[in-house]
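*Asks:* Got a sequence here, can you model it:
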Amino acid sequence: MRITVVNVNTSESMTEVIDHAEGICLGCAGLAGPEEAITAELRVPVIDGAPAAVRLAGAVAGPGLRTSKVSTYAAPEPKKITAWPLSAPAGGAAG
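*Replies:* Predicted coordinates:
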């Protein structure tokens, strides 16, 4: 399998790449909307990345899956909350 990334703003060989594409994944939400027209014109599947990411997140969260705790992902470090209305007692004096 070969994956080619093309910047539509700078690529001079985009037509050549598209002529051989088996599918196209749009790279940002700013490109959303024309996927049906592109699919009809080029006759290849076009995937809009934003809805695809939402569906992937739903597929992971739906059955209650969580990230691995083996050690691949570090736990977030605690952060001190400041300038939050509930972080100080009424009257503005902490403590």
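
*Asks:* just so I have it, where are all the strands in the protein?
*Replies:* All strands of the chain, identified by DSSP state E, fall at 24-26, 46-48.

*Asks:* weakest of those by average pLDDT?
*Replies:* Mean pLDDT is lowest for strand 24-26 among these, at a mean of 81.

*Asks:* before we move on, the earlier item: dump the strands of the chain into CSV; add distance to I38 and mean neighbour count as well.
*Replies:* Yep, even glycine has a C-beta here, placed from its N, CA and C like the rest. Shown next, in CSV, are the strands of the chain (distance: least, C-beta to C-beta, whole Å; neighbours: other C-beta atoms under 10 Å):
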stretch, distance to I38, mean neighbour count
strand 24-26, 7, 17
strand 46-48, 5, 17
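
*Asks:* For those, give me JSON lines that also has distance to S68.
*Replies:* Converted to JSON lines, those look like this (distance: least, C-beta to C-beta, whole Å):
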{"stretch": "strand 24-26", "distance to S68": "26"}
{"stretch": "strand 46-48", "distance to S68": "26"}
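
*Asks:* For A61, give its distance to A40.
*Replies:* Distance, A61 to A40, using C-beta to C-beta, to the nearest Å: 33 Å.

*Asks:* picking that back up, out of the strands of the chain, which gets nearest to A74?
*Replies:* strand 24-26 (29.0 Å; C-beta to C-beta).

*Asks:* Direction included, what does the closest one pair against?
*Replies:* strand 46-48 (parallel) (DSSP bridges).

*Asks:* Where does pLDDT dip in this structure?
*Replies:* 1-18, 29-32, 73, 86-95 (pLDDT under 70).

*Asks:* number of nearby residues for P34?
*Replies:* For P34, the count of nearby residues is 13 (other C-beta atoms under 10 Å).

*Asks:* Would you mind measuring from it to H20?
*Replies:* 20 Å.

*Asks:* do the same with K79
*Replies:* 48 Å.

*Asks:* So between the two, which is more surrounded?
*Replies:* Legend: neighbour count by other C-beta under 10 Å for K79 and H20, higher for H20 (9 against 6).
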